[in-house]
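whatever this is, show me its structure:
(chains A and B)
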Amino acid sequence: MAEGNGFEGFRALDRKFDLMFLASALFLVIAGMQVTLTLWSGDWDFWSDWKDRQWWPPIAASVNLVVPAALQYIAWSQLRLPLGATFAAVAVALATWLTRVVNMWGWAYFPIPFVWPATFIPQALLLDCTLMWTRSFLLTSILGGLLWGALFYPINWVLLAPFVQPVEYYGQVMAVADVQGFQYVRTQTPEYARLIEKGALRAFVEEITVVVAFFSGFVSLVAYWFGHLIGRYVCWPIPVFLKRM
Amino acid sequence: MGQLSRAATGVAVVLGVLAAWSARTEAHGEAAQDAFVRTRTVAFYDVQVAGTEINSGETVAITGKFFLLQEWPSGADKPGLMFLTVAAPGPVMLVQERWINGVFTPGSVALRQGEEYEFMLTLRGRRPGRYHVHPMLSIQGIGPLLGPGTWITISGGSSFENPLTLWNGETIDLETFTLPRIIIWHVSVLALGLSWLMYWIAQPILRRSRWITSEAGDRLITKRDQMVSIGLGLLTVTAIIVGVLTTRASYPHTIPHQVIKS
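Residues are numbered from 1 along each chain as shown, chains lettered A, B, ... in the order given. Below is the predicted model of the structure:
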C-alpha cells in the first residue's frame, strides 16, 4: 500500500509518530483497564478464594470487555487495525503483573499463588480475529462477545483448578483457596464480604459451569456494545480532524 | 547543573528533617475509632498472648474472651455476621487456627448480643520483624473492632514454607504452589498476544487513517493478514483446548469454594 502514495519521504517520521502514538495509547489503555478492573471486579481478580464459578466469570469477563470493545472500535474504524482488544488485554496483563509483584507481593507480602491475575488475552485474540473475518461489529458482538464471556472460565480454569482441590482442615472440607484466604491475613477483607457461590448440594453439580459460561457470554455481549458506544463517543472528532487536514 | 544539585540537596535536607522529626506510626489507630463504637459494642478481656518472641515458622496463641454488649449504639447497625481475625500489618503472621467457644471457626458466624465468647487464635510467624497485633472482630454493618494490641517479634531468615496436605495425600507449599504453572500459562498467552500485536505494529499505523478517509479502507486487510489471523486463531484455540484437557487430567478432583457462614 505504501508505494506511489506520496508519503515515501516521510516514512521515518511516520514510524516515530506511530511509536509515540502507541506509547501514549499504552498508558491510557492501562489506566482505563486497571480502573475498570479494580473498581468493578477487584476482589474477584485479586484473591484466589474469590475466584468462584458463579460470580467471577460474568463479572470479570463482562466489565473487562468494555475498554477492549471501545479500543477495538477505534482501531478498526479509524485505522482498520484488528488489534484493539488484544492491545488492551496485553496492556492490562503487563500492568496487572507489575502491581501484583511490586505491590501485593513486594509491599503487602502476599504470595503470588494467592494473588495471581486472570488472563483475557486468548479471548481478545479471538475477538479481534472475529472482527477481521466478519468485518461486522454486529457479528463480532454476537460471536466474539459470546466467546469472550463463555471462554473466560475455561481459559482461567488452567490457573484455578489446582486451587479448588479439596483439603480437610481441622475437620472441615475446604478448597486450597479457602485455606489461603483463611491463613493469609487481610485485615480489611472480612470473610463475610466474600461474594461467591455458597456451598450447597447444588454447588456440586458440574453443569453449572456450562450455564454460567453461557450467561457470562450473554452479559459480555451487552458489555461489548457498552464499550462500543464509548468508543464511538470518544473517537467522533478524529475523522473530522483528518478531513480538515 | 549547579542549580540542579542545589535543588536536590534542598529536597534531601527537607526530607531528612521530616524523617527525623516525624513520630513513627506503630499501631493500628484503635484509639481513632469512634468512642461510641469502641466502648459500646464489643468488650475484649482476659486477652493473653503466649509468647511475644518467636522464630519464623513457630506458633503463638492469643486467647481471651469478648462480650457483645446488649446496649448497642443506636447510630450503628445491629450486629449481623461476624468474623474473628487479627489486625496485623499484612500477612506477616498466618492464622493457623481460630476457635470460638471450643469450635473451629473457619468462616463467619452469627453471634448473639449479651453473651460472652471465649476465643483462641493460633498464629504462625511468617516474616521476620516486630509487629503490633490485635485480636479483631469484624462485624457486618459496623466494621472492624479491635481488642488489646501486643508487640510480637518474629526472628529468623526470610525463607518460609507453608505446607498443606491435600485430600489426595499430596503435600504442597502454599507460598509457591503452582507458581511455575501460573507463569507458564501467562507467558504462553502473552506470547500469542504479543505476536499478533507485533505483526500489526510492524506495519505503518497512523498512515492507515488516510486510506480510511479516502474510501480505500477495505483494501488495507490483505490475504496475508487473513492467513496470519487464521493461523494465530487456530493456535489460540489449540492452546485453550490443550490447556483445559491437560488441567482436567492433572486435577481430576476439585470442589467449589466453600463458604461457611453459620
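
show me how chain B divides into domains.
B:29-159, B:178-250 (automatic domain parsing).

dump these to CSV, plus mean neighbour count.
Using the backbone N, CA and C atoms, a C-beta is placed for each residue, glycine as well. What follows is these, written out as CSV (neighbours: other CB atoms under 10 Å in any protein chain shown):
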stretch, mean neighbour count
domain B:29-159, 17
domain B:178-250, 15
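
where do the helices of chain B begin and end?
Assigned by DSSP state H, chain B shows helices spanning B:2-21, B:35-39, B:179-201, B:208-213, B:223-250.

now do the first one, average pLDDT.
When you say that, I think you mean helix B:2-21. The average pLDDT within helix B:2-21 is 87.

export that helix to CSV, keeping only CA atoms.
What follows is helix B:2-21 as a C-alpha-only set of coordinates in CSV (Å, rounded to 0.1, in the frame of the first residue of the first chain):
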residue,chain,number,x,y,z
GLY,B,2,24.7,23.7,39.8
GLN,B,3,21.1,24.7,40.2
LEU,B,4,20.0,21.1,39.9
SER,B,5,22.4,19.8,42.6
ARG,B,6,21.4,22.7,44.9
ALA,B,7,17.7,21.8,44.4
ALA,B,8,18.4,18.1,45.0
THR,B,9,20.4,19.0,48.2
GLY,B,10,17.5,21.1,49.4
VAL,B,11,14.9,18.4,48.8
ALA,B,12,17.2,15.8,50.6
VAL,B,13,17.6,18.2,53.6
VAL,B,14,13.8,18.7,53.9
LEU,B,15,13.1,15.0,53.6
GLY,B,16,15.8,14.2,56.1
VAL,B,17,14.4,16.7,58.6
LEU,B,18,10.9,15.4,58.1
ALA,B,19,12.1,11.8,58.5
ALA,B,20,13.9,12.6,61.8
TRP,B,21,11.1,14.8,63.2
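
what does it contact?
Contacting residues not belonging to helix B:2-21 are not present [CB atoms under 8 Å, 6 or more residues apart in numbering or on different chains].

separation between residue A:187 and residue A:120?
30 Å (CB to CB, to the nearest Å).

with residue B:130 instead?
Counting by CB to CB, the gap from residue B:130 to residue A:120 is 41 Å.

what sits closest to residue B:157 if chain neighbours are left out?
Distance criterion CB to CB, 6 or more residues apart in numbering or on different chains; nearest residue to residue B:157, sequence neighbours excluded, is residue B:56 at 6.8 Å.

the one you found touches residue B:127, doesn't it?
Yes. Using CB atoms under 8 Å, residue B:56 is in contact with residue B:127, at 7.3 Å.

shared neighbours of these two, anything?
Contacts common to residue B:56 and residue B:127, judged by CB under 8 Å, 6+ apart, are B:154, B:160.

one step back: contact partners for the residue nearest to residue B:157?
B:125, B:126, B:127, B:128, B:154, B:155, B:156, B:157, B:160.

phi, psi for it please.
Dihedral pair for residue B:56: phi -60, psi 130, per degrees, to the nearest 10.

what is the one helix or strand in chain B whose mean pLDDT sits lowest packed up against?
Comparing helices and strands within chain B by mean pLDDT, DSSP states H and E singles out helix B:208-213 as the least confident, with a mean of 77. Here helix B:208-213 touches helix A:66-79, helix A:237-244, going by 3 or more CB pairs under 8 Å, 6 or more residues apart in numbering or on different chains; DSSP states H and E.

which one of those is the most hemmed in?
Mean neighbour count (mean count of other CB atoms under 10 Å in any protein chain shown) peaks for helix A:66-79 among these, with a mean of 25.

contacts for that one?
Residues contacting helix A:66-79 (CB under 8 Å, 6+ apart): A:29, A:32-33, A:36, A:81-85, A:87-89, A:120, A:124, A:127-128, A:131, A:137, A:140-141, A:223-228, A:230-232, A:234-235, A:238-239, B:205-206, B:208-209, B:212.

return the subset of those lying in helices.
A:29, A:32-33, A:36, A:84-85, A:87-89, A:124, A:127-128, A:131, A:137, A:223-228, A:230-232, A:234-235, A:238-239, B:208-209, B:212.

let me see the ranges of the strands in chain A.
Assigned by DSSP state E, chain A shows strands spanning A:166-169, A:172-175.

of all the residues in the first one, which ones are buried?
So the one you mean is strand A:166-169. A:166, A:167, A:169 (16 or more other CB atoms under 10 Å in any protein chain shown).

which among these gets closest to residue B:217?
When the buried residues of strand A:166-169 are ranked by distance to residue B:217 (CB to CB), residue A:166 comes first, at 54.8 Å.

what residue, apart from its backbone neighbours, is nearest residue 80 spatially?
Answering for chain A, as no chain was given. That would be residue B:220: by CB to CB, 6+ apart, it lies 4.3 Å from residue A:80.

that answer is for a different chain, and I need it for chain B
residue B:140 (3.7 Å).

quick check: the closest residue to residue A:238 other than its chain neighbours vs residue B:211, distance?
In space, not counting the residues next to it along the chain, residue A:238 is nearest to residue A:78; the distance is 5.3 Å by CB to CB, 6+ apart. Distance, residue A:78 to residue B:211, using CB to CB: 11 Å.

so residue A:174 makes contact with residue B:106?
Yes. Using CB under 8 Å, residue A:174 is in contact with residue B:106, at 6.5 Å.

got any residues that touch both of these two?
residue A:182.

just give the number of residues close to the residue nearest to residue A:153 when sequence neighbours are not counted.
Excluding the flanking residues, the one nearest residue A:153 by CB to CB, 6+ apart is residue A:57, at 4.5 Å. Close neighbours of residue A:57, defined as other CB atoms under 10 Å in any protein chain shown, add up to 29.

residue contacts, residue 188?
Answering for chain A, as no chain was given. Counted by CB under 8 Å, 6+ apart, residue A:188 has contacts residue B:144.

if you could check chain B rather than the one you did, that'd help
Contacts of residue B:188 (CB under 8 Å, 6+ apart): residue B:239.

pLDDT score assigned to the nearest residue to residue A:25 once chain neighbours are set aside?
Excluding the flanking residues, the one nearest residue A:25 by CB to CB, 6+ apart is residue A:87, at 7.4 Å. Predicted confidence (pLDDT) for residue A:87: 96.
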